[in-house]
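*Asks:* Show me the folded form of this:
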Amino acid sequence: MNRILIAEDEERIASFVEKGLRANGFTTTVAADGDTALDYAVTGGFDLVVLDIGLPGRDGFTVLRELREARVTLPVIVLTARDSVRDTVAGLEGGADDWMTKPFRFEELLARVRLRLRTAARAPEVTVLRSGDLSLDLRTRRARAENRTVDLTAREFVLLELFLRHPGQVLSREQILSHVWGYDFDPGSNIVDVYVRNLRKKLGARRLETVRGMGYRMP
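*Replies:* Okay, here's the model as predicted:
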């Protein structure tokens, strides 16, 4: 089941899109501002983003730019009231996969969502993630570091995969919690720090950097 992130601050439109997508078998999450949308999108937990440009906080152009700078490749369909050629060109050249203007027909949005998901599915599947001499096989669920096999728990595996999919990017504790444990986990818990410490013991301390006041990063 494909997971769609709807980044839209107008509640009426967000609800309309969400109901329509859910009725067609998709799992949806709504983010009402750009900061939340970016936090969700970089977790790797979604297959496509429907992105409004006029978001509070970070606007849609900023969200799109930061996603692509972070090498997040999930498809993005911009859904906006802006209809100028200049904005459309800026969005597409900035990394959007498609551009739709409001008002819109849901049937057309649905067709574009399905098209972008089919296109993304045809891309070569990555089965091994690498960073230097560290590798993670997503099929066998085995990690190797310095030519030795490293045993990982299920949570450690998901956490390491998250870091390997976002090399050089600082991931906040909240982002890590949402991806590995889910949003129902206590945000005041130190579980992220415990698991990062476990990975450092198993893989080597140099693998994960602490960025004080922000989170962790795989250099």
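*Asks:* From start to finish, how long is stretch 22-32 in a straight line?
*Replies:* Start-to-end span of stretch 22-32 (C-alpha to C-alpha, to the nearest Å) is 18 Å.
*Asks:* just stretch 129-149 next, same as before
*Replies:* Start-to-end, stretch 129-149 (C-alpha to C-alpha) is 15 Å.
*Asks:* what mean pLDDT does it have?
*Replies:* Stretch 129-149 carries an average pLDDT of 89.
*Asks:* Buried residues of it, list them for me.
*Replies:* Leu129, Ser131, Leu134, Leu136, Ala143, Arg144, Ala145 (16 or more other C-beta atoms under 10 Å). Just so you know, the C-beta spots here come from the backbone N, C-alpha and C atoms, and that holds for glycine as well.
*Asks:* which ones are touching the second one?
*Replies:* Pointing back at Ser131 there. Ser131 sits next to Leu164, Pro167, Arg207, Met218 when contact means C-beta atoms under 8 Å, 6 or more residues apart in numbering.
*Asks:* Any chance of the buried residues of stretch 129-149 in TSV with secondary structure and distance to Ala90 as columns?
*Replies:* Formatted as TSV, the buried residues of stretch 129-149 follow (DSSP: H, G, I helix; E, B strand; the rest coil; distance: C-beta to C-beta, whole Å):
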residue	secondary structure	distance to Ala90
Leu129	strand	32
Ser131	strand	33
Leu134	strand	38
Leu136	strand	36
Ala143	strand	41
Arg144	strand	43
Ala145	strand	42
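*Asks:* Serialize the residues you listed to TSV and add fields for distance to Ile77.
*Replies:* Shown next, in TSV, are the buried residues of stretch 129-149 (distance: C-beta to C-beta, whole Å):
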residue	distance to Ile77
Leu129	27
Ser131	31
Leu134	34
Leu136	30
Ala143	35
Arg144	38
Ala145	38
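*Asks:* Need the max-distance pair from those residues.
*Replies:* Across the buried residues of stretch 129-149, no pair lies farther apart than Leu129 and Ala145, at 12.5 Å, counting by C-beta to C-beta.
*Asks:* returning to what we had before: between the contacts of Ser131, which sits nearest Gly91?
*Replies:* Pro167 (26.0 Å).
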